[in-house]
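S.K.: Everything below, folded, please.
(2 chains)
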Amino acid sequence: MIDRSLLRNIDWILVGLLLLNSFIGAAFIYSSSHYLPGNYFLKQILWIFIGSLALFLFLMVDYKILVSFSPYFYIIAVATLCGVLLFGRLVAGAKSWLKFSFLQFQPSELTKIALILLLASVFSKFRRDSISWKKGFLSGAVTAVPVFFVALQPDLGTALTYIPLFLAALILAGMNRKVFIYIVIAALVLGVVGWNFALKDYQKNRLTTLISPSQDPLGSGYHILQSKIAIGSGGFLGKGFRKGTQSQLRFLPARHTDFIFSVIGEEFGFMGVVLALMCYFLFLNRLFKSVGQARDRAGVYIVFLVAVMITFQFLINVLMVIGFLPITGTPLPLLSYGGSSLLTNYLGVSLVLNVKMRRFVFV
Amino acid sequence: MIKQEKIYEDLFPLLRRVRVIYILVVALLIFLIMNFWKVQVLDHEKYWERSEANRMREIALPYQRGLIMDREGTILANNRASFRVSLIRENCEDYDKSCRKIARLLNIEESVLKERIKKYESLPLFKPIVVKEDLMLEEVALIEARKLELPELVLQSEPKRFYPFESLAAHVIGYLQELSPEEMKKSLYGERRLGELVGKIGIEKQYETALVGVHGQLVEVVDSLGRGREEIDRRESAKGQDLTISLDFDIQKEAEALLEGREGAIIAMDARTGELLALASYPNFDPNKFINRFTSEEWLNLVTSPEFPLENRAIRGLYSPGSVFKLTVALGALDSEIVTDETTFVCRGETTIYNHPFSCWREGGHGEVGFYDAIRHSCNIYFYNLGKELGIEEISHYARMLGFGMKTGVDLPGEKTGLVPDPQWKIKARGEPWQKGETISVSIGQSFMLVTPIQIAAHTALIANRGARVIPHLFKYLSADGKKIETKNQFLKHEIVDIDPAIFEQVIQGMWEAVNNEGTGWAARILGYDVCGKTGSTQVISEDKSEEPEQKEPEEEEVKTHSWFTGFAPRENPEIVVTVIVEYGGMGGATAAPLARRLFNIYMRKHDR
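M.R.: Prediction:
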């Protein structure tokens, strides 16, 4: 099924950037967890290996076939999300995990891939430069279902990452500005209603402490504050690898997961932050540049949505660690510890590679 | 190679939109970098300090307060080891749950615990807040066993104040209480910490700055759970200076035993120096209870008790001096040469002055009374006449000169001034002019005149010293590590009042006769020890303590008598002054004088006389 010539068309630079960022992340996972039981560093290396394997295996199937199967993937994903609600494991107050005998897994992560494929499938059928209300609502509903289930877990952070995929698809489809404004208004109304009826107290706390972190020193504002202290105390050159007091003495919360970037800021300072952001930007840039190399609409949608998925989470995470956004529990793709997230992002990049290497082939 | 397929799909509009998003992302990235620049480079200093504060913890090492000893070295205020447990809020996983657990473990009300912690809310989260002191050993073991389960609790051992003789000399020694946020603002407590125990009354307060030690300090690196990782710096604490006071344990003990069951005060003072040998006030309290933190009920009982056990009556009790004041009037009259020791008046038991009837305490009167007999029998009529001749201005002049209406300067906080009335005072305080008849009352120590027992003692010493004023005081010396610290004793300066010593001799003759020649003070007589003294019985309207005063009908008012005795011994080269007041004790000669005798006696026996 796989053609030797196809292998030559793999974007090895993108693969290299993917691995570079993954290993930067692994290094800081080591720094922030070497004193903890649990072997996070080795596990992450293992996940990078598993992710790479999955990436290449996934390449063998033409993305067109994947797109055509997307409704099934989607149905499986939603069914799994229901399963999590029923049989899932409670971790940190949310039922997001499925535990098998040897590994546990967050289905809400892989759902993103299914959603991207389905959206690509739906939107690529619009040939005209405007979309009908009916189609708009259909695609909205398709997004809303997993958002609903994941928010129920409750894992608002992850649920929110689905919405930009839908919005990005709408923008790409050339949605009317007026419609876009309607959607924004609808989102606001939903926000207000959600605040009053749907949000749990801890979620509200997270949002309010964003506005004044010192008001609630042991609540979630405490975490934001500790993160800022870590980053700020790093200064220009940082305190040195494994020498960050905020991280090593555990003042920084979720050091190897959500706040991995604060560890970089503390131990390598502003220079380290700029370098890490540069590496990340090169990777994101390559993803965005790949959009133009897709040969069809489905390909454009896939590459763009993958780029949006990773970029959105990246921005949310970094804005969070520096105190601009509430703590939503969004990991930094590739850098944060976590197998589900890593695997999802590898599969996403795999889709991009898939689209790129098949751009020269006739159907 | 096969050509691109884009031929039949125009993707350019899509790519244009992608470009917009891309530019947005790049802009956000630049915004991010600018923010990192601000936090990491511009505000670096601020965050650096906070991260240092995070990781360093300063722990105060408790110090020992200086001892308080009596003149013979008996330790009246000591220290002992005590365990306390503190809460570090930062280490609580769930504050409310922690509180519940701890309340149950330590057997305290959860609301009490929370209120306690609330008092120290302003402290940083990693600072331990004391939740229970003076733990029993079983409690220490209990907490130790749950160490892993409750990382928010820390056990500390600290030296603690301990008064081995409990209520003995409680009013003199005073007690300790936690420093409140308001007191923190006073410069006296500059270096002190919130919640630290400081002297609240008595010697503990007066000599706070000498008795207090210096906290040691331990600086260590801690992790976010407050676990110490590494000690960086350590400075040992320093003990406070030991204070030796002039009290004589035996005399003090006797004085308090004599007062038991009564309300009143007894002062025994070295006549030559003003050193207080005993200063007893009754009822009293146990200062150990303050250290162990009262239950609110116990506290309320002490504060609202109608007997005012917390009041030091010896320096704060305000009484009419009664006949004791006749000594002052006698000195004034002799000094202003209104009378000589040969002047006589006739006492018929009652007389009319300024159209008011005045009576002597003895029905039928004393007959013709001379100067010495007037003091000896405490004849009111004689002193009415002296008062009338002297006039209020002169009486108040001599009263002030001889130590009334001002503080004696005793080294105890809260001493009261008393009141020497005169016409200016009355206009100011009451808005009424002075009545001539009031002069007559004042001349036997009644009416508006108010004195404290310590003023009477100082006054008596002044007479005993034939005009040399002493300052009553408790301070003897400070010592550190058993070595005496030489300091100038500011209390040992003697001021001489401008009255001829011969005049004092005449008054002393009267006082001697009052005790030794079947006078009013006969009950204080000791064979072979020339006690000189004066009794006083001041009539007061009894306050029924169980009822509100305003509910009381005038008919129910009962005239009762406070019982005074003040005296010194021996007559030549006096050594000791004793002043006794017993509230509602009856006649001075009957109640106060025998008590004074006991004190003279014990002093005499102690000094081999």
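S.K.: For the rest of this, base every contact and every neighbour count on C-alpha atoms.
M.R.: OK.
S.K.: give me the number of residues near residue 315?
M.R.: With no chain named, the answer covers chain A. Using other C-alpha atoms under 10 Å in any protein chain shown, A:Leu315 has 17 neighbouring residues.
S.K.: Please refer instead to chain B.
M.R.: 27.
S.K.: Could you measure from it over to B:Arg272?
M.R.: B:Ile315 sits at a distance of 20 Å from B:Arg272 (criterion: C-alpha to C-alpha, to the nearest Å).
S.K.: mind listing what the residue in the stretch 51-200 of chain A that chain B sits nearest to touches?
M.R.: For the stretch 51-200 of chain A, the residue closest to chain B is A:Leu172, as judged by C-alpha to the nearest C-alpha, at 5.5 Å. Shown in contact with A:Leu172 (C-alpha atoms under 8 Å, 6 or more residues apart in numbering or on different chains): A:301, B:14, B:17-18.
S.K.: Filter these down to just the ones in helices.
M.R.: Among those, DSSP state H puts A:301, B:14, B:17-18 in helices.
S.K.: Pull out the buried members of those residues.
M.R.: A:301, B:14, B:18 (16 or more other C-alpha atoms under 10 Å in any protein chain shown).
S.K.: which one is the second one nearest to, not counting chain neighbours?
M.R.: In this case it means B:Leu14. Of all residues beyond its chain neighbours, the one nearest B:Leu14 is A:Leu172 (5.5 Å), with distances taken as C-alpha to C-alpha, 6 or more residues apart in numbering or on different chains.
S.K.: Which phi and psi values does the one you found adopt?
M.R.: With angles defined as degrees, to the nearest 10, A:Leu172 sits at phi -60, psi -40.
S.K.: How many residues are close by the residue nearest to B:Leu197 when sequence neighbours are not counted?
M.R.: Spatial nearest neighbour of B:Leu197, chain neighbours left out: B:Glu178 (4.3 Å); criterion: C-alpha to C-alpha, 6+ apart. B:Glu178 is flanked by 17 other residues according to other C-alpha under 10 Å.
S.K.: Show me the helices in the stretch 151-300 of chain A, by range?
M.R.: A:156-172, A:177-193, A:201-211, A:220-234, A:245-248, A:260-291, A:297-321 (DSSP state H, counting those that start in this stretch).
S.K.: Return the most buried member of the ones you listed.
M.R.: Counting by mean count of other C-alpha atoms under 10 Å in any protein chain shown, helix A:220-234 has the highest mean neighbour count of the helices of the stretch 151-300 of chain A, with a mean of 28.
S.K.: right, is that one up against chain B?
M.R.: Yes: residues of helix A:220-234 contacting chain B under C-alpha under 8 Å from any C-alpha of the partner chain: A:228-234.
S.K.: Take the residues you listed and write them to CSV, including distance to B:Val410 and pLDDT.
M.R.: Output for the residues of helix A:220-234 next to chain B, formatted as CSV (distance: C-alpha to C-alpha, whole Å; pLDDT from 0 to 100):
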residue, distance to B:Val410, pLDDT
A:Lys228, 59, 92
A:Ile229, 56, 92
A:Ala230, 59, 93
A:Ile231, 61, 94
A:Gly232, 59, 93
A:Ser233, 57, 93
A:Gly234, 61, 92
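S.K.: Out of the residues you listed, the closest to A:Val193 would be?
M.R.: Distance to A:Val193 across the residues of helix A:220-234 next to chain B (C-alpha to C-alpha) is lowest for A:Lys228, with 31.3 Å.
S.K.: show me what contacts the nearest residue to that closest one once chain neighbours are set aside?
M.R.: Excluding its sequence neighbours, the residue lying closest to A:Lys228 (C-alpha to C-alpha, 6+ apart) is A:Ile322, at 5.7 Å. Contacts for A:Ile322 (C-alpha under 8 Å, 6+ apart) come out as A:224, A:227-228, A:231, A:262, B:35-36.
S.K.: re the thing from before, closest to A:Leu59 out of the contacts of A:Leu172?
M.R.: Ranking those by separation from A:Leu59, with C-alpha to C-alpha as the measure, puts A:Tyr301 on top at 17.2 Å.
S.K.: buried residues in stretch B:160-175?
M.R.: Within stretch B:160-175, the residues scored as buried using 16+ other C-alpha under 10 Å are B:160-163, B:166-175.
S.K.: and those residues, which of them are in strands?
M.R.: Judged by DSSP state E, strands contain the following of the buried residues of stretch B:160-175: B:160-162.
S.K.: possible to save the residues you listed as CSV with pLDDT and distance to chain A?
M.R.: Below are these laid out as CSV (pLDDT from 0 to 100; distance: C-alpha to the nearest C-alpha, whole Å):
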residue, pLDDT, distance to chain A
B:Lys160, 84, 33
B:Arg161, 88, 36
B:Phe162, 88, 39
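S.K.: and which of those is nearest to A:Asn21?
M.R.: Nearest to A:Asn21, judged by C-alpha to C-alpha, of these is B:Lys160 at 59.8 Å.
S.K.: Could you pull up the contacting residues of that closest one?
M.R.: Counting by C-alpha under 8 Å, 6+ apart, the residues that B:Lys160 touches are B:64, B:79-82.
S.K.: interface residues of the stretch 501-609 of chain B facing chain A?
M.R.: Within the stretch 501-609 of chain B, no position is near chain A by C-alpha under 8 Å from any C-alpha.
S.K.: any weak-confidence spans in the stretch 501-609 of chain B?
M.R.: The stretch 501-609 of chain B contains residues with pLDDT under 70 at B:541-559, B:609.
S.K.: 90 instead, please
M.R.: In the predicted model, the stretch 501-609 of chain B carries pLDDT under 90 at residues B:517-518, B:527-529, B:537-561, B:569, B:584-590, B:606-609.
S.K.: In CSV: the contacts of A:Ile322, plus distance to B:Glu368.
M.R.: Compiled in CSV, the contacts of A:Ile322 are given as follows (distance: C-alpha to C-alpha, whole Å):
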residue, distance to B:Glu368
A:Ile224, 97
A:Ser227, 99
A:Lys228, 98
A:Ile231, 101
A:Ser262, 104
B:Asn35, 105
B:Phe36, 105
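S.K.: So among those, where is pLDDT lowest?
M.R.: Least confident entry in the contacts of A:Ile322, by pLDDT: A:Ile224, with 85.
S.K.: In three-state terms, label the residue lying closest to that one once chain neighbours are set aside for me.
M.R.: Leaving aside its chain neighbours, A:Ile224 sits nearest to A:Gly323 (5.8 Å; criterion: C-alpha to C-alpha, 6+ apart). When classified by DSSP: H, G, I helix; E, B strand; the rest coil, A:Gly323 comes out as coil.
S.K.: Does A:Gly323 touch A:Lys228 like I think?
M.R.: Yes: here A:Gly323 reaches A:Lys228: they are 6.9 Å apart, a contact under C-alpha atoms under 8 Å.
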